[in-house]
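S.K.: How does the following fold in three dimensions:
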Amino acid sequence: MALLSPAYVLALGLLGFLLTKVFQYGRRPKGLPPGPPTIPILGNLHQLPSEDVHKKFKEWADQYGDMFSLMLGKQRVVVLNSPRVVRDLIDARSNNYSSRPGNYVGQDLISGGYRLVLMPYADEWRLARKMVHSLLNVKTAVDYIPFQELELRQMLADMVRAPEKYHDHVRRYSTSLVTSFTFGWRSLDFEHPDVKQIYEGFEEFAVASNISAQMMDYFPILQKLPDFLSPAKRKGKQLHKEELALYKSYMLKVREQLEKGTAGKNFVEDMFKYQEKHGFSDDWASYVSGTLLEAGSDTTASIFLSFAIAMLKFPEVQKKAQEEIDRVVGPDRLPTMDDESDLQYIRGTVKECLRWLPSSILGIVPHATTNEDTYAGYTFPAQTTMVVNVWALNNNPERYPDPRRFDPDRYKDDLLRAQESAALQDPSKRDHYTFGAGRRVCPGLNIAERSLFLGIAYMLWAFSFEHALDEKGEKIPVTEEVTQGIVCRPVPFKLRLIERDPARTAKVLKAWDNAKELLSHYPGGINSTQYAPDWKNFKATETF
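M.R.: Residues are numbered from 1 along each chain as shown. As a prediction, the model looks like this:
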């Protein structure tokens, strides 16, 4: 028998080594929490559904308990399913659990590395967060109540005139609120091209960044493909050009108004002062302000849609909420933030909307470890992806008995705001996890919570929600299905907004007429952005 040549032996050895490495790819390393069985190369990718990943994660959470792990190609993922684990890791060890995993398409291609929500935990993110905090902290949130009341008055008047366009009205409201204090201009109509572009661009980004759509992160070798062989790369780069042009146009318009002395107070004006001090680029500044806009506009609107579905599916809740509003507010005026302490059922409705059908069912964007860590006998290497399983946390039957029942009375004794609740030392008492956890908790939660309270109170004061009817007069059912992406919202549905009585409708229209009268005194008329300083005085003396 002939002996094999040294070169042949070496080749066989190299082939064996490579095959061993290939078949180890996708396997769960020792030290990670248990999870569903993996297969070589893919890991658990073949088990992820193309839609409704949150339901599969809930199934695995029920099977594996507080934590489970997945291998998505090369990427290690640990999914956190219990309040205690989230508190121990994401909150208590936030210095090590506040980064982000790589997101080649969503961050590198589409966002040019600038998107705040996807930035790693580093100096750039800390600077951006500091700027955003100056705009959205708990003290300044109170200053935006006049903006919210103004935009809600238009929203209600729009609903009176075109009740069939509920989806568009809540999206216009949430967009206009954010454009007002970010850029200093109002979004008057959802059909405006700039407003439509904000939503359409973000929808494409959200899908491209979804956990089941990140093949270039699961298999990094795909990042090396030339553009002509990679439709995702071509699409990502095109989206980046469109987004950057849009966001930069908003920012440069503020700069132009400042030079002319016509700008109202807004976030971008303050950001320019930071830019002079720290020297960051216009592209970076454009994305910080632009993604603040897109995140704030889509998430609040999504919860208003969840609220409408809940009112249709649980009419007894709607009836009880309206009874509370009628008892506390009465028929002669609109609700205000001053009524909040007496409207505990409405406060519970807000919290239950956020819990029951949230806009971030898998924690918006996963966290990532900066350094290796150990916990409960497990080892998490650096750059391990950590998913806060919001859907499982919000539907834990021990914390929320019969979790798919919409019940605001779950919070009848909860007097805390969302930020206070997120800081509780006892995680079992937290209201919900929709705003996230740790240092990456949603910075706009203080404003969003007030927007939802006022908007829900306004709508229930003026309208009742009823099922749309088909051609046979039968009720058209609604579902709890949601769109796909890192931020989701209920799939389109039909409803009927019914005025509660003509006198209230007249007051709604009068309230908006009064607001338009105030705005007419400023240059630009109803398009003016200089209404904030006088709006409080106007509201205080308003009569119907």
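S.K.: R84: neighbour count?
M.R.: Here the count is done by other Cβ atoms under 10 Å, and R84 has 13 residues near it. Bear in mind the C-beta positions are built from the backbone N, C-alpha and C, glycine included.
S.K.: same thing with the one 10 residues further on?
M.R.: As a burial measure, S94 scores 16 neighbours (other Cβ under 10 Å).
S.K.: Quick check: phi and psi on it?
M.R.: The phi/psi pair for S94 (degrees, to the nearest 10) reads phi -60, psi -30.
S.K.: Once you drop chain neighbours, what's closest to it?
M.R.: G438 (4.2 Å; Cβ to Cβ, 6 or more residues apart in numbering).
S.K.: same question, Y104
M.R.: M216 (4.5 Å).
S.K.: now swap in S428 and tell me
M.R.: P83 (5.6 Å).
S.K.: for the residue nearest to Y104, phi and psi?
M.R.: When read as degrees, to the nearest 10, the backbone of M216 gives phi -70, psi -20.
S.K.: What residues does Y274 make contact with?
M.R.: Remark: with contacts taken as Cβ atoms under 8 Å, 6 or more residues apart in numbering, Y274 is in contact with L127, M131, F280.
S.K.: Y458 is in contact with L156, isn't it?
M.R.: Yes: if you go by Cβ atoms under 8 Å, Y458 and L156 touch, sitting 5.7 Å apart.
S.K.: More neighbours: these two, which one.
M.R.: Shown here are Y458 and L156; by other Cβ under 10 Å, L156 has more neighbours (26 against 23).
S.K.: Following element in sequence after the helix or strand that contains S69, please.
M.R.: Applying DSSP states H and E as the criterion places S69 in strand 67-72. Counting by DSSP H and E, the element after strand 67-72 in chain order, helix or strand, is strand 75-80.
S.K.: outside of that next one, which residues touch it?
M.R.: 29, 32-33, 35, 57, 60-61, 66-71, 86, 89-90, 101, 217-218, 366, 380-381, 383-389.
S.K.: Return the distance of it from the chain's centre.
M.R.: Distance of strand 75-80 from its chain centroid, counting by Cα atoms, centre = their mean, to the nearest Å, is 21 Å.
S.K.: S82 is in contact with Y64, isn't it?
M.R.: No: using Cβ under 8 Å, S82 is not in contact with Y64; the gap is 11.0 Å.
S.K.: between the two, who's got more neighbours?
M.R.: Legend: neighbour count by other Cβ under 10 Å for S82 and Y64, higher for S82 (20 against 16).
S.K.: Enumerate every residue touching the more buried one.
M.R.: Contacts of S82 (Cβ under 8 Å, 6+ apart): G65, D66, M67, L393, N396.
S.K.: The residue nearest to S94: what's it in contact with?
M.R.: By Cβ under 8 Å, 6+ apart, the contact set of G438 is I90, D91, S94, Y97, S98, H367.
S.K.: tell me the pLDDT at it?
M.R.: G438 carries a pLDDT score of 95 in this model.
S.K.: Over to the one 10 residues further on?
M.R.: The score at A448 is 92. That number is its pLDDT.
S.K.: tally of neighbours for it?
M.R.: The tally of other residues near A448 (other Cβ under 10 Å) stands at 25.
S.K.: which residue sits closest to it, ignoring its sequence neighbours?
M.R.: Excluding its sequence neighbours, the residue lying closest to A448 (Cβ to Cβ, 6+ apart) is T300, at 5.4 Å.
S.K.: how close does that neighbour sit to N81?
M.R.: Noted for T300: a distance of 27 Å to N81, by Cβ to Cβ, to the nearest Å.
S.K.: which residues does R129 contact?
M.R.: L116, R439, P443.
S.K.: which residues touch R87?
M.R.: Neighbours of R87 in contact, by Cβ under 8 Å, 6+ apart: P427, A437.
S.K.: quick revisit: next step: the contacts of R129 restricted to helices.
M.R.: Among these, the subset assigned to helices under DSSP state H is empty.
S.K.: want to try a markdown table for those, with distance to A376 as columns?
M.R.: Output for the contacts of R129, formatted as a markdown table (distance: Cβ to Cβ, whole Å):
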| residue | distance to A376 |
| --- | --- |
| L116 | 32 |
| R439 | 22 |
| P443 | 30 |
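S.K.: out of those, which are inside strands?
M.R.: Nothing among the contacts of R129 maps onto strands, per DSSP state E.
S.K.: between those, which is nearest T291?
M.R.: Set against T291, the nearest of these by Cβ to Cβ is L116 (5.2 Å).
S.K.: The closest one against W125, yeah?
M.R.: Yes: between L116 and W125 a contact is recorded at 7.1 Å, counting by Cβ under 8 Å.
S.K.: Can you show me the strands along the chain?
M.R.: For the chain, strands defined by DSSP E occupy the ranges 67-72, 75-80, 367-368, 373-375, 378-380, 385-388, 463-467, 495-499.
S.K.: Does anything pack onto the last one? Which helices or strands?
M.R.: On a contact count with 3 or more Cβ pairs under 8 Å, 6 or more residues apart in numbering; DSSP states H and E, strand 495-499 meets strand 463-467.
S.K.: and the angle for the strand it packs on with strand 495-499?
M.R.: Angle of strand 463-467 versus strand 495-499, following axes from the mean of the first three to the mean of the last three Cα atoms, to 10 degrees, is 150 degrees.
S.K.: Sheet-wise, list the partners of strand 463-467 with their directions.
M.R.: Counting by DSSP bridges, the strands paired with strand 463-467 are strand 495-499 (antiparallel).
S.K.: Could you pull out the buried residues of the strand it pairs with?
M.R.: Within strand 495-499, the residues scored as buried using 16 or more other Cβ atoms under 10 Å are L495, R496, L497, E499.
S.K.: Tabulate the residues you listed in CSV, adding columns for distance to A162 and pLDDT.
M.R.: Listed next are the buried residues of strand 495-499 as CSV, based on distance: Cβ to Cβ, whole Å; pLDDT from 0 to 100:
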residue, distance to A162, pLDDT
L495, 13, 97
R496, 13, 97
L497, 10, 98
E499, 13, 97
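S.K.: picking up where we left off before, so which of the contacts of Y274 sit within helices?
M.R.: If you go by DSSP H, the contacts of Y274 have L127, M131 in helices.
S.K.: possible to save the contacts of Y274 as TSV with distance to F453 and pLDDT?
M.R.: Below are the contacts of Y274 laid out as TSV (distance: Cβ to Cβ, whole Å; pLDDT from 0 to 100):
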residue	distance to F453	pLDDT
L127	31	93
M131	26	90
F280	35	92
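S.K.: So for T379, what's the nearest residue that isn't a sequence neighbour?
M.R.: Once flanking residues are discounted, T379 sits nearest to G31: 3.6 Å by Cβ to Cβ, 6+ apart.
S.K.: was I right about that neighbour contacting Y375?
M.R.: No: in this structure G31 lies outside contact range of Y375 using Cβ under 8 Å: 10.8 Å.
S.K.: for the spatially closest residue to G436 that is not a sequence neighbour, what are its contacts?
M.R.: Sequence neighbours aside, C442 is the residue nearest to G436 in space, at 5.5 Å (criterion: Cβ to Cβ, 6+ apart). Applying Cβ under 8 Å, 6+ apart, we find C442 in contact with A295, T299, I364, F435, G436, A448.
S.K.: Could you find the closest non-adjacent residue to the second one?
M.R.: It refers to T299. Closest residue to T299 apart from its sequence neighbours, by Cβ to Cβ, 6+ apart: S359 at 4.6 Å.
S.K.: quick one: contacts for the one you found?
M.R.: Counting by Cβ under 8 Å, 6+ apart, S359 makes contact with D298, T299, S302, I303, S306, T434, V487, C488, R489.
S.K.: wait, doesn't the second one sit right on S360?
M.R.: Put plainly, it is T299. Yes: counting by Cβ under 8 Å, T299 touches S360, with 7.4 Å between them.
S.K.: what residues are shared contacts of the two?
M.R.: Common contact partners of T299 and S360 (Cβ under 8 Å, 6+ apart): V487.
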